[in-house]
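1. Have a look; sequence and predicted model below, questions after that.
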Amino acid sequence: MDGNVSLAEAKQRIIDELRDQLSVLQGNFPLGTLGKVYEEIGELFVGLACCSLLLDADVFKYQRQLTWSAYSRRRYLKRCKAATVVGDLYQARSRSEAVFCALAAGDQKLGVEIGDLSPDGPIADGEYPDDFAYHRLVHAMAATATDDTLTDLVARYEKELDGGPSERLDVMTALCARDVAAFESAFPALVIVQASAMEEERIVNAEIPSFEPRSSLFIEGLALLRLAEERGMRPGQEYLPLCPSLARVNPLLEQPEDLFAYL
C-alpha cells in the first residue's frame, strides 16, 4: 500500500477515535478512570499533527494539534492536583510526550507549566528512575535552570542509567555544556536509535492508528532541537527523515483555544 494512502487512512481512524475519546470526557466519569483516556487523546493528537505535516505540509495545523496534545496532559494534571490525586500511574512524567509536544510546537512556557504540574519523583511501579531523571532534566532545561542545577541533574541521570544506553545522556550532556560539536555528534546517533526502536515496535503497534504517523516524526528530537536553539547552539543540519526542517517551526502568534477547559 502506498505510504500516503496508509497515512490518509490512519488520519481518518485517528479522527474517529478522537471523537469517541473526547465524548468520554463529556461524561460524568470519576477522574480515576480517565488517566488512560487523557493519555490516548494526547497520542491521537500527536498522530493527527504528524499527518497534517506529512500529508499536507500544513504547519499551522501541525502546531495546533501538538498544542492540543499538550493541553490534554495539562488538563489531566490540573484535575489531579485539584482532587489531590497522588501516585496515579498516568501521572508519571515519562508516560507522556506532552512537554516534548509543547516544545516542538514552539510553546516553551506551556512545556514548563506541564513539567511544573508533574510529580517530583518517579511513580512507584509506574516508571523507571532513569526515565524520570531524563524527563526531569528536560523540564529543568526548558525552565532555564542554572548551569549548576543542570549539571547536577545530568549527573543524577547518568547515575540512574547505571551503564545503560547513553544516547540521550550524550545529547543532554552536550546541551548542558552548550557544546555544538558534541551535540552534532550525539543527536544523529539518537535519531538512529529512535528509527530502530520504531521499526521494532511497528509489528506490535500496527493496529494503533496513531502509531505510524507518530513513528514517522521524532517529536522528542524536535523538542531537543528547540532546546539547543534556546541555548544558543543553532544546530544547522536537517536530521532526515525523522526531524525535517519543515517540522522545526516558529512559535504561533496566537495560542489555540483550550479544547479541554470545560471537559
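-> Alright, I've got the coordinates. Residues are numbered from 1 along each chain as shown.

2. If we go by neighbour counts, what in the helix or strand bottoming out on mean pLDDT in the chain is buried?
-> Using mean pLDDT, DSSP states H and E, the weakest-scoring helix or strand in the chain turns out to be helix 3-25, at a mean of 90. Going by neighbour count (16 or more other Cβ atoms under 10 Å), the buried part of helix 3-25 is Leu7, Ala10, Lys11, Arg13, Ile14, Glu17, Leu18, Gln21, Leu22, Val24, Leu25. (Each C-beta comes from the backbone N, C-alpha and C, glycine too.)

3. That helix - contacts with which helices or strands?
-> When contacts are defined as 3 or more Cβ pairs under 8 Å, 6 or more residues apart in numbering; DSSP states H and E, helix 3-25 packs onto helix 35-56, helix 211-216.

4. C-terminal to the shortest one, what's the next element?
-> To tie it back to what came earlier, the one meant is helix 211-216. helix 219-230 (DSSP states H and E).

5. ok, now the first one?
-> Beyond helix 35-56 in the direction of the C-terminus, DSSP H and E gives the next helix or strand as helix 59-82.

6. okay, the helices and strands packed on helix 3-25 in CSV with mean pLDDT and mean neighbour count next?
-> Listed next are those as CSV, based on pLDDT from 0 to 100; neighbours: other Cβ atoms under 10 Å:
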stretch, mean pLDDT, mean neighbour count
helix 35-56, 98, 23
helix 211-216, 96, 21
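
7. out of those, nearest to Tyr262?
-> Tyr262 lies closest to helix 35-56 among the helices and strands packed on helix 3-25, at 14.7 Å (Cβ to Cβ).

8. That closest one - contacts with which helices or strands?
-> helix 3-25, helix 59-82, helix 98-104, helix 211-216.

9. can you give me the offset of the shortest one from its chain's centre?
-> Read it as helix 211-216. Averaging C-alpha positions (Cα atoms, centre = their mean, to the nearest Å) puts helix 211-216 13 Å from its chain's average.

10. what do you get for the longest one?
-> A distance of 11 Å separates the centroid of the chain from that of helix 59-82, by Cα atoms, centre = their mean.

11. buried stuff in that helix?
-> Using 16+ other Cβ under 10 Å as the burial criterion, the residues of helix 59-82 that qualify are 59, 61-77, 79-80.

12. about what we covered before: do you know which of the helices and strands packed on helix 3-25 lies nearest Leu252?
-> Smallest distance to Leu252 across these (Cβ to Cβ): 12.8 Å, for helix 35-56.

13. Helix 3-25 and the closest one, what's the angle between them?
-> Per axes from the mean of the first three to the mean of the last three Cα atoms, to 10 degrees, the angle that helix 35-56 makes with helix 3-25 is 150 degrees.

14. where's helix 35-56 relative to the chain centroid, distance-wise?
-> Worked out by Cα atoms, centre = their mean, helix 35-56 lies 11 Å from the chain centre.

15. same deal with stretch 245-263?
-> With Cα atoms, centre = their mean, you get 14 Å for stretch 245-263.

16. what mean pLDDT would you report for that stretch?
-> The average pLDDT for stretch 245-263 rounds to 93.

17. Now that stretch - C-alpha only, PDB.
-> C-alpha atoms of stretch 245-263 as PDB (Å, rounded to 0.1, in the frame of the first residue of the first chain):
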ATOM      1  CA  SER A 245      13.300  21.300   8.600                       C
ATOM      2  CA  LEU A 246       9.500  21.700   7.900                       C
ATOM      3  CA  ALA A 247       8.800  20.400  11.400                       C
ATOM      4  CA  ARG A 248      11.100  22.900  13.100                       C
ATOM      5  CA  VAL A 249       8.600  25.800  13.500                       C
ATOM      6  CA  ASN A 250       8.500  29.300  14.800                       C
ATOM      7  CA  PRO A 251       6.100  29.900  17.800                       C
ATOM      8  CA  LEU A 252       2.500  30.500  17.000                       C
ATOM      9  CA  LEU A 253       1.500  34.200  17.200                       C
ATOM     10  CA  GLU A 254      -1.800  33.200  18.900                       C
ATOM     11  CA  GLN A 255      -2.400  30.200  21.100                       C
ATOM     12  CA  PRO A 256      -5.200  27.800  20.100                       C
ATOM     13  CA  GLU A 257      -8.300  27.600  22.200                       C
ATOM     14  CA  ASP A 258      -8.200  25.100  25.000                       C
ATOM     15  CA  LEU A 259     -10.500  22.200  24.000                       C
ATOM     16  CA  PHE A 260     -10.200  20.700  27.400                       C
ATOM     17  CA  ALA A 261     -11.100  23.700  29.600                       C
ATOM     18  CA  TYR A 262     -14.700  22.600  30.100                       C
ATOM     19  CA  LEU A 263     -14.300  18.800  29.600                       C
END
